[in-house]
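S.K.: coordinates only, sequence not included:
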């Protein structure tokens with residue numbers, strides 16, 4: 001499917017041209033039909049002889065309906081720029097063209113309309129004037145087709161030129177989304193939303209969330225150009241029948257996503273590209289509207305390392321949004337100044353959750369830069385902010401190289417400072433460390449440091465390097481069903497606990513490494529049952545009794561491996 005948006009000045013024939021190409025009049029509103037003026041977005045499609053689908057979004061040309069135009073041009077593959085051969089290049093032609101350029105559209109076809117009303121010389125003059133406007137732009141090599149809706153051969157030529165445009169395949173990402181441009185209710189069907197599916201596929205039956213409100217529902221049906229689908233692919237125009245959400249709770253500008261994949265942001269770091277023909281610079285003093293996806297958001301602007309943006313130049317800025325939105329780095333948007341009623345810049349999102357003060361900020365879109373600014377993130381935090389599924393450094397944590405080096409150096413210094421202490425005082429309890437140090441400790445190579453029984457040791461000082469006491473070996477062999485401590489000398493048991501060989505859990509003694517084994521059992525159980533596990537499930541998996549299972553689980557709770565929720569144990573922060 002090729003997704004095409006029209007562009008051009010009001011009354012230059014966009015809707016008539018789409019109808020000639022598809023057989024569909026996209027003016028669906030009664031007011032549009034009465035006035036002969038496109039007010040809102042219209043949709044139509046045609047299928048080529050080889051089965052290729054051309055999906056058209058017909059946008060309004062009048063300045064008063066610019067927001068509707070902007071809602072329709074996100075995510076398109078190419079544009080159909082429409083110019084009346086009699087009137088030529090007009091103000092809204094220029095603004096629509098600028099918007100397409102700022103949004104990064106790379107391909108298109110130009111249609112000169114109403115050519116049947118001009119002589120051959122007049123048509124040639126019209127073509128030359130359009131070529132001059134397109135010089136050194138993304139449409140400088142685009143085909144210019146002379147058309148008339150009364151000349152079928154010219155319409156067929158236009159269709160073939162559109163089909164000949166080769167656009168790059170869409171990049172498949174990890175999170176599907178639909179910026180909603182229409183929402184309505186059908187009798188017997190319920191709520192329906194429409195939009196362009198971006199980034200990844202959607203499937204019937206999937207749970208969905210509507211942001212920013214957070215309404216939850218489920219996909220009952222998917223349709224694309226009168227065909228019912230089980231799965232819709234990115235780049236498709238889709239209608240989604242949503243179960244569980246009233247159409248009154250959804251608005252144009254909302255975004256349909258999968259649950260737990262996006263975070264809302266009301267502060268963005270961005271890069272702005274000012275239009276070259278502006279009669280003024282862009283400063284913080286303007287009142288601005290941001291158009292992203294199908295949404296319109298009031299924003300205030302603060303420039304980063306600059307006082308103003310001169311026409312035709314680029315600068316970074318921080319935008320403060322009136323309401324939160326779900327966006328991703330590299331999303332493109334348009335910025336309009338409301339006081340002057342003009343498009344002033346296009347932009348690209350760099351960071352949806354900036355952490356540095358404005359005076360220190362130097363935003364970039366680069367995962368490593370994001371990590372360098374924060375030092376450490378868990379994989380889900382990174383995914384919510386970027387959509388990137390990264391390999392963790394350790395457990396579920398990703399370190400920047402600078403943070404990891406510094407944290408390991410600090411921990412290593414702490415270890416070395418203990419080398420002269422008595423053996424029972426050596427080693428660092430990981431539970432007592434700040435989280436970044438505890439996680440960094442887990443990245444040491446065995447020849448650098450080792451973790452035993454929840455404590456970190458220099459390799460030569462680890463309890464395992466010392467000769468195992470026969471009594472300790474007896475507890476090691478017993479694992480989760482330890483021997484009765486009353487059978488042994490209490491003073492000896494106390495000494496073995498002090499030396500780190502045994503654990504005393506409310507009067508029940510275990511070999512120290514038993515807690516590591518219990519950790520492994522719990523981790524495996526929670527992988528299978530992420531909603532939580534019972535004491536009985538752990539008892540059975542450890543092949544022990546409740547007498548021994550309970551103190552082991554309580555010890556894991558205390559170390560943050562698990563957390564208790566009612567009768568269940570769930571994943572703790574240090575699992």
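M.R.: Perfect, thanks for sending it. Bear in mind the structure is a predicted one, so any value in this text is a computation, not a measurement.

S.K.: residue ranges of the strands in the stretch 101-250 of the chain, please?
M.R.: Using DSSP state E, counting those that start in this stretch, the strands found in the stretch 101-250 of the chain span residues 108-113, 144-146, 177-186, 190-198, 202-203, 207-211, 215-224, 227-229, 231-232, 237-243.

S.K.: how about these, which one is nearest residue 452?
M.R.: Nearest to residue 452 among the strands of the stretch 101-250 of the chain is strand 207-211 (43.4 Å), distances taken as C-beta to C-beta. For glycine as for every other residue, the C-beta is placed from the backbone atoms N, C-alpha and C.

S.K.: Please state the offset of that closest one from the chain centre?
M.R.: Here the centre of strand 207-211 is set off from its chain's centre by 14 Å, with C-alpha atoms, centre = their mean, to the nearest Å.

S.K.: Run through who's touching that strand.
M.R.: 180, 215-219, 240, 242, 245, 249-250, 254-259, 262, 264, 325-326 (C-beta atoms under 8 Å, 6 or more residues apart in numbering).

S.K.: quick one: strands adjacent to it?
M.R.: strand 215-224 (antiparallel), strand 255-257 (antiparallel) (DSSP bridges).

S.K.: Pull out the buried residues from that strand.
M.R.: Using 16 or more other C-beta atoms under 10 Å as the test for burial, strand 207-211 gives 208, 209, 210, 211.

S.K.: Going through the contacts of strand 207-211, which ones are buried?
M.R.: Using 16+ other C-beta under 10 Å, the buried ones in the contacts of strand 207-211 are 180, 215, 217, 219, 240, 242, 245, 250, 254-258, 262, 264, 325-326.

S.K.: Just the buried residues of stretch 106-123, please?
M.R.: 107, 108, 109, 110, 111, 112, 113, 114, 115, 118, 123.

S.K.: and the two most separated of these?
M.R.: Top of the distance list for those (C-beta to C-beta): 107 and 118, 27.2 Å.

S.K.: hang on, residue 133 packs against residue 89?
M.R.: Yes - with contacts defined as C-beta atoms under 8 Å, residue 133 counts as touching residue 89 at a distance of 5.0 Å.

S.K.: got any ranges where this structure has weak pLDDT?
M.R.: 26-41, 49-50, 60-74, 166, 168, 419-426, 466-467 (pLDDT under 70).

S.K.: domains of it?
M.R.: Domains of the chain are assigned by automatic domain parsing as 2-164, 177-257, 266-354, 402-465, 470-571.

S.K.: Among those, which comes closest to residue 385?
M.R.: domain 266-354 (5.4 Å).

S.K.: got the end-to-end distance for the closest one?
M.R.: The straight-line separation of the ends of domain 266-354 (C-alpha to C-alpha, to the nearest Å) is 10 Å.

S.K.: tell me how far it is from the chain's mean position?
M.R.: Worked out by C-alpha atoms, centre = their mean, domain 266-354 lies 20 Å from the chain centre.

S.K.: cool, and stretch 453-467?
M.R.: 44 Å.

S.K.: Can you name the residues in contact with that stretch?
M.R.: By C-beta under 8 Å, 6+ apart, stretch 453-467 touches 411, 415-416, 418-419, 423, 426-431, 441, 444, 446-452, 499-501, 503, 512-513, 515-516, 559.

S.K.: Buried residues in it, which are they?
M.R.: 453, 454, 455, 456, 457, 458, 461, 462, 463.

S.K.: which ones among those residues are found in helices?
M.R.: Per DSSP state H, helices hold no members of the buried residues of stretch 453-467.

S.K.: of the residues you listed, closest to residue 479?
M.R.: Minimum distance to residue 479 across these is 13.9 Å, recorded for residue 453 (C-beta to C-beta).

S.K.: where's that closest one relative to residue 430, distance?
M.R.: 10 Å (C-beta to C-beta, to the nearest Å).

S.K.: same check, this time on residue 348
M.R.: Distance from residue 348 to residue 430, by C-beta to C-beta: 42 Å.

S.K.: and what of residue 219?
M.R.: Using C-beta to C-beta, one gets 44 Å for the distance from residue 219 to residue 430.

S.K.: In JSON lines, list the strands of the stretch 101-250 of the chain along with distance to residue 488.
M.R.: What follows is those, written out as JSON lines (distance: least, C-beta to C-beta, whole Å):
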{"stretch": "strand 108-113", "distance to residue 488": "85"}
{"stretch": "strand 144-146", "distance to residue 488": "95"}
{"stretch": "strand 177-186", "distance to residue 488": "63"}
{"stretch": "strand 190-198", "distance to residue 488": "67"}
{"stretch": "strand 202-203", "distance to residue 488": "61"}
{"stretch": "strand 207-211", "distance to residue 488": "56"}
{"stretch": "strand 215-224", "distance to residue 488": "58"}
{"stretch": "strand 227-229", "distance to residue 488": "70"}
{"stretch": "strand 231-232", "distance to residue 488": "65"}
{"stretch": "strand 237-243", "distance to residue 488": "64"}
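
S.K.: mind checking which of those is nearest residue 314?
M.R.: From the strands of the stretch 101-250 of the chain, taking C-beta to C-beta, the stretch that ends up closest is strand 108-113, at 23.5 Å.

S.K.: gap between the closest one and the chain center?
M.R.: On C-alpha atoms, centre = their mean, the centre of strand 108-113 falls 35 Å from that of its chain.

S.K.: Partner strands of it, with direction?
M.R.: strand 78-84 (parallel), strand 144-146 (parallel).

S.K.: As TSV, these with mean neighbour count would be great.
M.R.: Putting these into TSV (neighbours: other C-beta atoms under 10 Å) gives the following:
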stretch	mean neighbour count
strand 78-84	26
strand 144-146	20
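
S.K.: Looking at these, which is nearest to residue 175?
M.R.: Closest among the strands paired with strand 108-113, using C-beta to C-beta: strand 78-84, at 24.3 Å.

S.K.: which residues are in contact with that closest one?
M.R.: 2-9, 11-14, 17, 56, 73, 89-90, 93, 96-97, 100, 105-114, 126, 130, 139, 142, 162, 165, 167.

S.K.: related to what we said a few turns ago, with respect to residue 386, which of the domains of the chain lies nearest?
M.R.: The nearest among those, by C-beta to C-beta, is domain 266-354 at 5.7 Å.

S.K.: so can I have CSV of the buried residues of stretch 453-467 showing distance to residue 333?
M.R.: Formatted as CSV, the buried residues of stretch 453-467 follow (distance: C-beta to C-beta, whole Å):
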residue, distance to residue 333
453, 54
454, 49
455, 51
456, 48
457, 53
458, 54
461, 57
462, 56
463, 59
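
S.K.: now residue 249: how far from residue 193?
M.R.: For residue 249 relative to residue 193 (C-beta to C-beta), the value is 11 Å.

S.K.: Equivalent analysis for residue 568, please.
M.R.: Residue 568 is 37 Å from residue 193, by C-beta to C-beta.

S.K.: SS state for residue 43?
M.R.: Per DSSP: H, G, I helix; E, B strand; the rest coil, the local secondary structure of residue 43 is strand.
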